[in-house]
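>>> A predicted structure for the sequence below; I have some questions about it.
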Amino acid sequence: MRDKKKQESPSGARRVERREASRIESYSSPKTRHTDENAGIVFSAFTFVAMFVVAAAVGYLVASAVDIWVLSAAVVVAVLAVFTIHIAPQWEKAVVLRFGKYSRTCGPGLYVTIPFIEHIALRADQRVMLTGFGAEETLTADLVPVNVDAIIFWVVWDAEKACIEVEDYYDSVSLASQTALRDAIGRKSIAEVAMHRVQLDEELRTAIEEKISAWGISILSVEIRDVVIPKELQDDMAAEAKAEREKDARVVLAEVEKDIASMLLDATRIYREDEMAFRLRSMHLLSEGVKESQGTIVIPSAYAEGFAEEAIRLKGGGAS
């Protein structure tokens, strides 16, 4: 039983990674807008009631009575008004087709259409949209499977193109982004994906922009949110990074040793030419060592006599 659990654990961990990766899509802006969704319904109801009252009043003035024909005419006028008068929020553009051909783009605010001749083909939200997408178990250039999550900020700048050039621009942006992400990962090594995220973000933005710019959509930014590397590969990469740091440390230490050896060589040449300088340096090092250990210096008489002889020799040379 234990062996069986051990065999199933990798696949179970993989399923957990997939569930984590799929959560990135929950950050996406809703495809169907919910902000102030009832505004259009309330306006249509108000239009229906207002036009019904006005038509009924006109019918009463003409016929001097309110009968079934006046009420029927008022209902027809109110229904036609609902199909004619529309309202669009500040962030919305409405694409109007006439007999199936593009006529105009309306909004924001109040606008009218001709009933049964014109119809609204698309209501485009022109606010900044957010779409989360991911690439599960995508192979890098060095054949390492990774899970990458990313988000994209985009905006519809031309509602006409978004309506005519593509069937569903919202889902198309998501799928185009996912495809571009897989292609970009496949051209890079695992080290480049993990460390050079800014360059990967810019490469993705350029690639996605080339695909969807014809749809009247502009990409504001693309950001890599998370890169999930297999656990066993993480350990290998950590060991490799540790080895690289040790290598760099050894190289630096060798360079320092080389510099020290060069300086010692220069000092050796100086001390070889000047014996007095060598003795003074020896005394200085000895004095420093005694200070640190708080001991006492005992100088051999022969060593002291050497200094005296050197001094007499220098005096004699100066007198001559």
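Arrived safely.
>>> pLDDT weak spots in the stretch 201-320 of the chain?
Along the stretch 201-320 of the chain, segments meeting pLDDT under 70 span 234, 236-238, 285-287, 289-320.
>>> please repeat the previous calculation with a cut-off of 90.
201-203, 211, 213, 223-320 (pLDDT under 90).
>>> in it, which spans are strands?
217-228 (DSSP state E, counting those that start in this stretch).
>>> for it, what spans make up the helices?
Remark: helices assigned in the stretch 201-320 of the chain by DSSP state H, counting those that start in this stretch are 231-273, 275-293, 301-319.
>>> gap between Phe43 and Ala50?
10 Å (Cβ to Cβ, to the nearest Å). Placement of C-beta: from N, CA and C, glycine included.
>>> between those two, which contacts overlap?
By Cβ atoms under 8 Å, 6 or more residues apart in numbering, Phe43 and Ala50 have no common neighbours.
>>> the residue nearest in space to the middle of the chain pairs with what?
Nearest to the geometric centre of the chain sits Glu223, at 1.8 Å (Cα atoms, centre = their mean). With DSSP bridges applied, Glu223 shows beta-bridge pairing to Ile151.
>>> got a list of what it touches?
Counting by Cβ under 8 Å, 6+ apart, Glu223 touches Ala150, Ile151, Ile152, Asp201.
>>> quick check: it vs Arg245, distance?
From Glu223 to Arg245 the distance is 29 Å (Cβ to Cβ).
>>> also Asp201?
28 Å.
>>> repeat for Met51
79 Å.
>>> have a look at the two and say which one is more surrounded.
Met51 (21 against 10; other Cβ atoms under 10 Å).
>>> quick check: next helix or strand after the helix or strand where that one lies?
Under the criterion of DSSP states H and E, Met51 resides in helix 39-63. Moving toward the C-terminus from helix 39-63, the next helix or strand (DSSP H and E) is helix 68-84.
>>> for that following helix, give me every contacting residue.
44, 47-56, 59-60, 63, 112-116.
>>> need the buried ones from those residues selected in ChimeraX.
The ChimeraX command for the buried members of these (criterion: 16 or more other Cβ atoms under 10 Å) is given here:
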select :44,47,48,51,52,55,56,59,113
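>>> how far out from the middle of the chain is the helix or strand harbouring Leu200?
Leu200 is located in helix 197-212, with elements delineated by DSSP H and E. The chain centroid and the centroid of helix 197-212 are separated by 11 Å, computed with Cα atoms, centre = their mean, to the nearest Å.
>>> for it, name the packing helices and strands.
Applying 3 or more Cβ pairs under 8 Å, 6 or more residues apart in numbering; DSSP states H and E, we find helix 197-212 packed against strand 145-156, helix 169-186, helix 190-195, strand 217-228.
>>> one more time with 7 Å, if that's ok
helix 169-186, strand 217-228 (3 or more Cβ pairs under 7 Å, 6 or more residues apart in numbering; DSSP states H and E).
>>> pull the CA atoms of the shortest one into CSV?
C-alpha atoms of strand 217-228 as CSV (Å, rounded to 0.1, in the frame of the first residue of the first chain):
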residue,chain,number,x,y,z
ILE,A,217,-7.6,46.0,-29.6
SER,A,218,-4.5,47.4,-28.0
ILE,A,219,-2.3,45.6,-25.5
LEU,A,220,-1.3,47.8,-22.5
SER,A,221,1.0,45.3,-20.7
VAL,A,222,1.7,41.6,-20.2
GLU,A,223,3.0,40.4,-16.8
ILE,A,224,4.3,37.0,-15.9
ARG,A,225,2.7,36.2,-12.6
ASP,A,226,4.2,32.8,-11.6
VAL,A,227,6.6,30.2,-12.9
VAL,A,228,6.2,26.7,-11.4
